[in-house]
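> Mind looking at a prediction? Sequence and model below.
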Amino acid sequence: MSTVKVVSMSGRKTGEVELNDAIFGIEPNMAVVHEVVKNHLANCRQGTQSALTRAEVSGGGKKPWRQKGTGRARQGSTRAPQWTHGGIVFAPKPRSYSYVLNKKVKRLALKSVLSAKAADGEIIVVNKIEMDEIKTKTFRKFLDDVKADGKAVVVTPEVNPNVVKSARNLPGVVTTPARLINVYDLVNAKYLVVDKEALAVIEEVFA
């Protein structure tokens, strides 16, 4: 098992903790990670795009000119797609882009991302992440002290309102309880800043 140091919120080392190889020590499967990220983005799509077909555009009931004898191409309606103000060919309609992936695939992708971060030294374990008040400036200083300079996912054992509200105005910083960590947030961030108790929850739930 690999070990990482545990730091306080001020960045001072307070000990070490072992990482479970079943979660943080596997060979990353980046093809599966790509598939899960693609699935996440697809599920986020609203699918509300809509346009009118020639059957739905107002007007066009009268034939523009007679069928034969004018020398021009035959036309049946001024709302055909080739006309200005005509309908759209194969017009997009509201639909759902979401689809389901196998649970084992999603779990493998999560373990792959966590293992990659552990191998790159991008996991920061904090002895206790807590905020006495809602203060963005204090939370920014905490991230600077633990050297999480850049995009970061901050993981707590449970939802912590003070932590969530202190971090929500910081660009690139996402907070989440341990049971709800997802592959997209981890891939999109540079550092995983995790509470020591939350680390135990991750190992219990995903091992």
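Cool, got the structure.
> any residues touching stretch 152-167, and which ones?
Counting by CB atoms under 8 Å, 6 or more residues apart in numbering, stretch 152-167 makes contact with 129-136, 138-139, 143, 172-178, 181, 185-186, 189-195, 197-199, 201-202, all of which sit outside it. C-beta coordinates here come from the backbone N, C-alpha and C atoms, glycine included.
> Which PyMOL command selects the buried ones in those residues?
In PyMOL, selecting the buried portion of the contacts of stretch 152-167, with burial taken from 16 or more other CB atoms under 10 Å, looks like this:
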select buried, resi 129+131+139+143+173+174+175+176+177+178+181+185+186+189+191+192+193+194+195+197+198+199+201+202
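> Assign residue 96 to helix, strand or coil.
Put simply, residue 96 is coil when judged by DSSP: H, G, I helix; E, B strand; the rest coil.
> just checking, it touches residue 47?
Yes. Look at residue 96 against residue 47 with CB atoms under 8 Å: they come within range, at 5.4 Å.
> Compare those two (neighbour count), which wins?
The neighbour comparison of residue 96 against residue 47 (other CB atoms under 10 Å) goes to residue 47, with 13 against 10.
> got the contact list for that one?
94, 95, 96, 97.
> can you check residue 80 too?
Taking CB under 8 Å, 6+ apart as the contact definition, residue 80 lies against 54, 60, 86, 87.
> Point out the least confident one among those residues.
Minimum pLDDT for these is recorded at residue 60 (91).
> Now the residue sitting nearest the centre point of the chain: closest residue in space that isn't a chain neighbour?
Closest residue to the average C-alpha location of the chain: residue 184 at 3.8 Å, with CA atoms, centre = their mean. Closest residue to residue 184 apart from its sequence neighbours, by CB to CB, 6 or more residues apart in numbering: residue 40 at 4.3 Å.
> and the one you found, what are its phi and psi?
phi -60, psi -50 (degrees, to the nearest 10).
> Same check on residue 16?
Residue 16 has phi and psi values of phi -140, psi 160 when expressed as degrees, to the nearest 10.
> what about it, how many residues close to it?
The burial count for residue 16: 10, using other CB under 10 Å.
> For it, give me its contacts.
When contacts are counted by CB under 8 Å, 6+ apart, residue 16 touches 3, 4, 5, 6.
> before we move on, the earlier item: in helices, which of the contacts of stretch 152-167 fall?
Cross-referencing those against helices under DSSP state H gives 136, 138, 139, 143, 185, 186, 197, 198, 199, 201, 202.
> Rebuild those as a markdown table, extending it with distance to residue 82 and pLDDT.
Compiled in a markdown table, these are given as follows (distance: CB to CB, whole Å; pLDDT from 0 to 100):
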| residue | distance to residue 82 | pLDDT |
| --- | --- | --- |
| 136 | 56 | 95 |
| 138 | 63 | 94 |
| 139 | 59 | 95 |
| 143 | 58 | 94 |
| 185 | 47 | 95 |
| 186 | 49 | 95 |
| 197 | 66 | 93 |
| 198 | 60 | 93 |
| 199 | 63 | 93 |
| 201 | 61 | 93 |
| 202 | 58 | 93 |
